[in-house]
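> Following is a predicted model, sequence given first.
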Amino acid sequence: MMSENKTMYYHDYLELDKILDSQHPESGRKGNEPAHDEMLFIIIHQAYELWFKQILFELDFIMGVFKKNIIDDNSEDLNLVRHRMNRILKIFELLTKQITLLNTMTPLDFLEFRNLLVPASGFQSLQFRLIEARLGLRMENRYNKDYYKRTNEGGFDREDFEKINKLEEDTNLLFLINKWLERMPFFENELWKNYQINSPADSSLHIFWSDYRQLYKIGLNPREAGRINDFDYIFLETKNLPADQLPPKPMFSPKAMRAALFIMLYRDFPVFQTSYQILDSLIEIDNELSNWRHKHMDMVRRMIGLRAGTGNTVGRAYLEGTLYSHYIFKDIAGLSTFLIQRNKLPKLPAELIRSLSYNN
């Protein structure tokens, strides 16, 4: 640390003594044959962990906003959330690109030091597991969940294991987004008293959703006709099919799903722009995580083929399983299934339009 009388200096501010003295290749230890590419391997993974730290830092801010009892859509809060989410997205894009740098190491280069790493593995990255848990990936949705929750060789040490357990029991971003969507105030009856009905109303439904359901049903082609049953189950909690024929139950409540769909449909209103961009950012973060997993899987296949991972995973097969199982915000991404053409959208009543205006 700097003394109080010393002026600020780049090297000291970044504490480069610590950072640049934290690369100690195992192959460089006495008795081992030095492997040139181990330095690259270490630095890339250290860079990953630094970026993971930044992602967790941004998520702390985002979750702090959504934990508020009242969130003003016209305040700076949601705009800053959108900005922080975009930053997280850009970081994940960068992490995916880093794999191309790791691929400058050939399989033979990796074999020069690979066995020295056993049983350590990227599987043991505490920060990455915390990111997944904080975003909302639940244990029951993880691929090979029994393998994930372990402290034996290749698993987590006891301290990290407890940290993960604690965070998984805590509030996550998916839960907070669900609560935020449920609070959307645009379906109060007084805002819809002058709504012009387009089809016979179903008295059991809000007047808008009764109308929208009919418009969606009419717009389905014969091969898609069964989608109306999915709509009823996801948005209206109506089960028109046997349990084994229903779509997977969404992670979001029907009320939250209705609010999210409404935002998607009427995103051109200024008041919905930031909310829509937040929902879109969640989809993109999921997509970029999937891109990273796919690139990682391809890299592992290139490096070790069908061999087991250093942490005793099944290598590529494990990564392939996570690729398809670990989407967190797939319910939001799936909303496009239930859109209708813009020119067929119900015209909103004047009272509601005024409430959607910044100058109401």
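On my side now, so go ahead.

> Off-centre distance for the helix or strand where E159 lies?
Element membership for E159, per DSSP states H and E: helix 158-168. Helix 158-168 sits 20 Å away from the centroid of its parent chain (Cα atoms, centre = their mean, to the nearest Å).

> list the buried ones in the helix or strand that comes right after it?
Counting by DSSP H and E, the next helix or strand C-terminal to helix 158-168 is helix 173-182. Of all the residues in helix 173-182, those buried under the rule 16 or more other Cβ atoms under 10 Å are L173, L174, L176, I177, N178, W180, L181. C-beta: built from backbone N, CA, C; applies to glycine.

> So which other helices or strands are in contact with helix 173-182?
helix 38-66, helix 126-135, helix 254-265 (3 or more Cβ pairs under 8 Å, 6 or more residues apart in numbering; DSSP states H and E).

> who does the first one touch, helix- and strand-wise?
So the one you mean is helix 38-66. helix 76-102, helix 126-135, helix 173-182.

> what's next to the helix holding E159, contact-wise?
Helix 158-168 has contacts (Cβ atoms under 8 Å, 6 or more residues apart in numbering) with Q124, L126, R129, L130, A133, R134, R138, M139, K149, T151, G155, F156.

> Then stretch 284-299?
Contacts for stretch 284-299 (Cβ under 8 Å, 6+ apart): 85, 88-89, 92-93, 95-96, 99, 102-103, 135, 316, 319-320, 322-323, 326-330, 333.

> Please spell out the PyMOL selection for the buried subset of the residues you listed.
Selecting only the buried entries of the contacts of stretch 284-299 in PyMOL, with 16+ other Cβ under 10 Å as the criterion:
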select buried, resi 85+88+89+92+95+96+99+102+135+316+319+320+322+323+326+327+328+329+333
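
> Pipe the helices and strands packed on helix 38-66 into a markdown table and attach mean pLDDT per row.
Conversion of the helices and strands packed on helix 38-66 to a markdown table gives the following (pLDDT from 0 to 100):
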| stretch | mean pLDDT |
| --- | --- |
| helix 76-102 | 95 |
| helix 126-135 | 94 |
| helix 173-182 | 96 |
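
> now the ones you listed in CSV, with distance to S275?
Listed next are these as CSV, based on distance: least, Cβ to Cβ, whole Å:
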stretch, distance to S275
helix 76-102, 7
helix 126-135, 18
helix 173-182, 9
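
> Which one of these lies nearest to K53?
K53 lies closest, by Cβ to Cβ, to one member of the helices and strands packed on helix 38-66: helix 126-135, at 6.3 Å.

> tell me which strands and helices the closest one is in contact with?
Looks like helix 126-135 contacts helix 38-66, helix 158-168, helix 173-182 (3+ Cβ pairs under 8 Å, 6+ apart).

> so what pLDDT did the closest residue to F128 other than its chain neighbours get?
Leaving aside its sequence neighbours, F128 sits nearest to F52 (Cβ to Cβ, 6 or more residues apart in numbering; 5.8 Å). The model reports F52 with a pLDDT of 97.

> F52: what's it in contact with?
For F52, the contacting residues are S125, Q127, F128, I131, by Cβ under 8 Å, 6+ apart.

> Just flag the most distant two among the residues you listed.
S125 and I131 (9.1 Å).

> hmm, back to that, which of the helices and strands packed on helix 126-135 sits most buried?
helix 173-182 (a mean of 19; mean count of other Cβ atoms under 10 Å).

> Residues contacting it, please?
The contact list for helix 173-182 (Cβ under 8 Å, 6+ apart) reads 59, 62-63, 66-67, 71, 134-136, 251-253, 255-257, 259-260, 282, 328-329.

> Quick check: the most centrally placed residue in the chain vs F123, distance?
For the chain, the residue nearest the mean C-alpha position is D286 (4.2 Å; Cα atoms, centre = their mean). As judged by Cβ to Cβ, to the nearest Å, D286 and F123 stand 20 Å apart.

> Equivalent analysis for K179, please.
Look at K179 and F123: by Cβ to Cβ, they are 32 Å apart.

> Could you do M297 as well?
For M297, the distance to F123 - Cβ to Cβ - is 13 Å.

> next one: H11
In this view, H11 and F123 are 35 Å apart by Cβ to Cβ.

> quick one: which of those two has more around it?
The residue with more neighbours, out of H11 and F123, is F123; 20 against 9, by other Cβ atoms under 10 Å.
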